[in-house]
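K.L.:
Structure for the following, please:
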Amino acid sequence: GHVWVGCQGGVICSYDTRTFELWCMLPGHTQDVLAICSVGGTMWTAAGPIVWVWSNPESTDPQVIKEINNVGKDILSLLACESGTQVFCGSIAGFVVLDARNCDTIAVGSVDEGITDVVEVTMPDAPHAPHGAGGDH
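P.N.:
Numbers count the residues shown, from 1 in each chain. Presented below is the predicted three-dimensional model:
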């Protein structure tokens, strides 16, 4: 496998997870790459207000297949929801939720404090008793 690393100046570096050697460098963004996330078989990268969707992220020659420029503010975080159908883009101005299949905007929201990072919290289907609960004495 590979790890993609966003860099200053718009470059993305891909490293081999077994050898930790540089696999490839992907130029193209014109601003610092501040957010990256894997979405299905693609990789999404954000620099400034621009999101790129890349195909073939495991190859030495991934290609940008889509550019999204409808978020409005510099994106600081990207999160692919567990279902794989939505991508959450966080910025100082708030958030935009995009459809992962066609990149259409699903929802827009604002937060007075701004958003610097996002994480999905999922709950198990059935509640579990804490360890030691339920009369295990």
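
K.L.:
tell me which residues in stretch 78-92 are buried?
P.N.:
Residues of stretch 78-92 classed as buried: 78-80, 86-91 (neighbour count, 16 or more other CB atoms under 10 Å). Glycine gets a C-beta too; all of them are placed from N, C-alpha and C.

K.L.:
from the chain's centre, how far out does stretch 17-33 sit?
P.N.:
Centroid separation for stretch 17-33 versus its chain: 15 Å, with CA atoms, centre = their mean, to the nearest Å.

K.L.:
my bad, stretch 94-110
P.N.:
For stretch 94-110, the distance to the chain centre is 13 Å (CA atoms, centre = their mean).

K.L.:
again, but for stretch 14-29
P.N.:
Using CA atoms, centre = their mean, the offset of stretch 14-29 from its chain centre is 17 Å.

K.L.:
Show me which residues of that stretch are buried.
P.N.:
For stretch 14-29, burial by neighbour count (16+ other CB under 10 Å) applies to 14-15, 23, 26, 29.

K.L.:
May I have stretch 108-122 as PDB, with CA atoms only?
P.N.:
In PDB, the C-alpha atoms belonging to stretch 108-122 read as follows (Å, rounded to 0.1, in the frame of the first residue of the first chain):
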ATOM      1  CA  VAL A 108     -24.000  23.500   3.500                       C
ATOM      2  CA  GLY A 109     -23.600  24.700   7.100                       C
ATOM      3  CA  SER A 110     -21.800  27.400   9.000                       C
ATOM      4  CA  VAL A 111     -20.100  27.300  12.400                       C
ATOM      5  CA  ASP A 112     -19.100  30.600  14.100                       C
ATOM      6  CA  GLU A 113     -15.800  29.000  15.400                       C
ATOM      7  CA  GLY A 114     -14.900  27.500  12.000                       C
ATOM      8  CA  ILE A 115     -13.900  23.800  11.400                       C
ATOM      9  CA  THR A 116     -10.300  22.700  11.500                       C
ATOM     10  CA  ASP A 117     -10.800  18.900  11.500                       C
ATOM     11  CA  VAL A 118     -13.500  16.300  11.200                       C
ATOM     12  CA  VAL A 119     -14.000  12.700  12.300                       C
ATOM     13  CA  GLU A 120     -16.900  10.400  12.000                       C
ATOM     14  CA  VAL A 121     -18.200   8.800  15.200                       C
ATOM     15  CA  THR A 122     -20.200   5.700  14.700                       C
END
